[in-house]
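Visitor: need coordinates for the below:
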Amino acid sequence: LWIYDVSDLKSPKLLTTATGVSGISRAHTFVVDPTGRYGVVETEYQYAPLRIFDFKPGLDGTTKNISRPIGAWIPQWNSLPHNVAIRWPYVFVSDYEDGLQVFNMMDPTNPYTVGYYYTCDCPRREGAGFGGGAWGVQVRNADGLIVISDINTGFWSLKMDGFDGWNGHQWGVPN
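Guide: Reported below is the predicted structural model:
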C-alpha cells in the first residue's frame with residue numbers, strides 16, 4: 001500500500017507505505033477514515049480478516065513504512081469480507097456469504113460488530129472461493145441509507161437502527 005499526497009497532480013508526493021505485512025501478498029480494497037489516519041484493508045481471500053492500520057507514524061515522518069496492522073475484524077472465521085465504506089466510527093462491509101456487516105472502530109485496536117443483515121442464503125464454499133452474495137456497499141450521508149449489491153439476490157436498501165445519517169463536521173472531519 002502506498003499513500004500519496006495528490007494535491008498537485010503534476011507532482012504527487014509519497015507520504016508513507018505499508019509493505020511487508022504478514023498475510024498480505026496483495027491488497028484488494030483499501031479505504032481510509034475521514035482523517036486519513038486509519039485505513040481498512042481487504043485482501044480478497046477467504047479466512048482473512050479486514051486489517052486496520054494506523055498511518056499516523058508514517059504521515060508524521062516517524063517511520064517510512066508501516067508493517068503491522070493495529071487491529072483486525074472478521075464476522076466469523078470462514079468469511080470473505082469484500083468492499084467497505086467508512087462513516088466514522090462505523091465500517092459497513094459487503095461480505096459475500098455473510099451479507100451486510102457493520103462494525104465499530106472507535107477503538108481501532110478493538111473493533112466490534114454492531115449490526116448485520118444476510119442478503120443471501122448462499123452456500124458456503126470453504127476454500128473454493130465464493131458462492132455469490134454481497135458484493136458492494138455504499139452509505140448515503142444525508143439519511144444513512146445503506147445500499148448493498150448481491151450477486152445472487154440483487155439490490156438491497158437498508159437502514160440501521162440508531163444510524164440516521166452522517167455528517168463529518170459533527171466529528172471534526174470533512175464530509
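
Visitor: what residues are up against residue 63?
Guide: Counting by Cβ atoms under 8 Å, 6 or more residues apart in numbering, residue 63 touches 16, 57. Heads up, the C-betas are built off the backbone N, CA and C, glycines and all.

Visitor: spatially nearest residue to residue 74, not counting backbone neighbours?
Guide: Closest residue in space to residue 74, ignoring its immediate chain neighbours: residue 49 at 3.8 Å, by Cβ to Cβ, 6 or more residues apart in numbering.

Visitor: looks like that neighbour contacts residue 76 (just checking).
Guide: No: look at residue 49 against residue 76 with Cβ atoms under 8 Å: they stay out of range, at 10.4 Å.

Visitor: look at the two and report which has more neighbours.
Guide: residue 49 (19 against 12; other Cβ atoms under 10 Å).

Visitor: which residues touch the more buried one?
Guide: Contacts of residue 49 (Cβ under 8 Å, 6+ apart): 72, 73, 74, 81.

Visitor: try 7 Å
Guide: 72, 73, 74 (Cβ atoms under 7 Å, 6 or more residues apart in numbering).

Visitor: can you lay out those residues as TSV showing secondary structure?
Guide: Shown next, in TSV, are these (DSSP: H, G, I helix; E, B strand; the rest coil):
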residue	secondary structure
72	strand
73	strand
74	coil
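
Visitor: from these, pick the one nearest residue 173.
Guide: residue 73 (21.1 Å; Cβ to Cβ).

Visitor: what about that closest one, how many residues nearby?
Guide: So residue 73, with other Cβ under 10 Å, has 22 neighbours.

Visitor: no further questions, thank you.
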